[in-house]
Every structure is written in C-alpha cells, then in structure tokens.
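> Quick check, what structure comes out for this input:
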Amino acid sequence: MEQLKWVLYGVIIGVANVIPGVSGGTMAVLLGVYDRLVGSISRLRREFLNSMKFLVFIGIGAVAGILLFSKLIEFALANYEMITTYFFIGLILGSLPMLYKKSVRGKLRVSSVIAFLAGLAVMLVLSFAHVADSSAVINAREIGGFVRLFLCSVVAAAAMVVPGISGSFILLLLGCYQTVISAVASLDILTLIPVGLGCIVGIFVCAKIMDKLFRTCEVQTYAGISGLVVGSLVGLYPGFSLDMTGVWSVVSMVIAAAIAFWFSLEIIRKE
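Model prediction:
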C-alpha cells in the first residue's frame, strides 16, 4: 500500500515538472517526501537497497506522470491556462504554513531571514529573465544539438531538485522547452537520450548538494526554499480576468490550497 502511495506521489511530481513555472521539488516538499527523496538520491551508492526501495516507485510514478499527462497538460495549458495555473498557485499557497514552520522551528533567526530573501531574489531575477525562442527544434542527431540538449538538461534537472525553481521554466529560458516536450509527447528516443543523460547528471549532483545542506543547516535551507517557493508565484501568475474563467480560476485555487493545507497539517502532525 505504501509503495502505491509513492507511485502516486511520483506521478504528481512528474506532472508538475512538465509545467513551466511549477516545480517538482515544491510538490515533493508539499507531499512530505522531499528530504527522503534527496537523501535517497545522494546516498544511492552507500545505501543502495534502501534507497532503491523508495526511488524505484517514485521514479515509476514520475515517468508515468510525464509520459501519460504531457499531452493532457499541453491541452489544459492551451485551452484552460488560467484555471490550470491557478490550481498550482493554490497548491503552493496551501503549503506555505508548513514551509514557515520548517524555516523557523520555534525561533526566527537572522540567518533564516537572509536565506529567505536570497531565495526570493533568485526567483525574482528568473521571473523577469528573458525567455529564449523555443519554437526552433533542436536536432539531437547533430553533435552541437546533442551537446546543447545534454547541458540544458543538466541545468534543468538540477533546478527540478530545488523546490520553487521549475525545470521546465529553465528549459524555456534556454530555448529547449518545445523540443523536449515534443520529444516526450512523440517518444522521440534519439532526442530523449541526451535529455535523459543530462537529467541523471543534474539530479545526482544537485541532490548531493541539497542533502549536505539539510544535514548541516536544515532550518536555513528550508528558509531559502521558502523564498524560492514564494518567489515562484511571481513568475507563475498568469494575470486575471473578470469573467467566468476568472471565477473558476479562483475556485480552482481555493480547492488546491485546501488540499495542500490538509497535506501540510498531516506532515506537521507527524513531526
């Protein structure tokens, strides 16, 4: 039963990573599995069996979420962008009380405030960064295209591990998003090879860094994560319209916030 829950969590994390502006890392924090996910990846060689018992099911769910829902997400963003985006905004808003609790641990520290502001500043810079043209398809069959997709995927995958920073948004900034999402939707294996290799490298390197931070300065790390998550709302905000779309967007956001807050309470109770 627990393994099925991990697969479901993986699906949610995978779906989140498909959407520009939404972070799979944030969803992992919301679901209460972020620390374990990062630790399992970072200590894979030393604790192989224990790590794999968890990572296999999360990985199956994440891959399934990406493959099964990439077309659905494309459709939702194309036809119901505001409603879909507000749903994810609601998930983030509902998780903020839990993040605050983890960032404070009973006492507000100057170091935590600095970490929060640093994370917020990073996201504000990314939010107003120039997005490269992603309409041109990158040919992975050429050496230059293969290397570019690999390097971009390393950066994007590292961003996926960090809550608040969207790997898909990083791909947008680097001009690779359309190539990658189309390759996933059409199962273009030749294009997915450099993407997959880059994701493996980026995830393992960043997971080791995050695991080290959690073991040495957990409170400050969560404060920085809180800044990243709050700052991500700026880039995610799609505007608002005074019509039924706006009404349904608010309803979507409230429902998502309630779900996230309920999850947050469950996680807080377990600690």
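
> give the contact list for residue 208.
41-42 (Cβ atoms under 8 Å, 6 or more residues apart in numbering). Just so you know, the C-beta spots here come from the backbone N, C-alpha and C atoms, and that holds for glycine as well.

> three-state assignment of it?
Recorded secondary structure, residue 208: helix (DSSP: H, G, I helix; E, B strand; the rest coil).

> Pull the distance from the worst-scoring helix or strand of the chain on mean pLDDT to the chain's centre.
Lowest mean confidence among the helices and strands of the chain (mean pLDDT, DSSP states H and E): helix 167-174, at a mean of 73. Its chain's average C-alpha position is 12 Å from that of helix 167-174, according to Cα atoms, centre = their mean, to the nearest Å.

> Quick check: next helix or strand after it?
Using DSSP states H and E, the helix or strand that follows helix 167-174 in sequence is helix 177-186.

> angle of that following helix against helix 167-174?
Interaxial angle, helix 177-186 versus helix 167-174 (axes from the mean of the first three to the mean of the last three Cα atoms, to 10 degrees): 130 degrees.

> Now helix 177-186 - C-alpha only, PDB.
Extracted C-alpha coordinates of helix 177-186, given in PDB (Å, rounded to 0.1, in the frame of the first residue of the first chain):
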ATOM      1  CA  TYR A 177      11.300  23.500 -23.900                       C
ATOM      2  CA  GLN A 178       9.400  22.900 -27.100                       C
ATOM      3  CA  THR A 179      12.000  20.400 -28.400                       C
ATOM      4  CA  VAL A 180      11.900  18.400 -25.100                       C
ATOM      5  CA  ILE A 181       8.100  18.400 -24.600                       C
ATOM      6  CA  SER A 182       7.500  17.400 -28.200                       C
ATOM      7  CA  ALA A 183      10.100  14.600 -27.900                       C
ATOM      8  CA  VAL A 184       8.400  13.300 -24.700                       C
ATOM      9  CA  ALA A 185       4.900  13.500 -26.300                       C
ATOM     10  CA  SER A 186       6.000  11.700 -29.500                       C
END
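
> I'd like to check what contacts it. Which residues are they?
Under Cβ under 8 Å, 6+ apart, the answer for helix 177-186 is 18, 20, 66-67, 70-71, 74, 134-135, 137-138, 140, 149, 153, 168, 171, 188, 191-192, 195.

> Name the residues of it that are buried.
177-181, 183-184 (16 or more other Cβ atoms under 10 Å).
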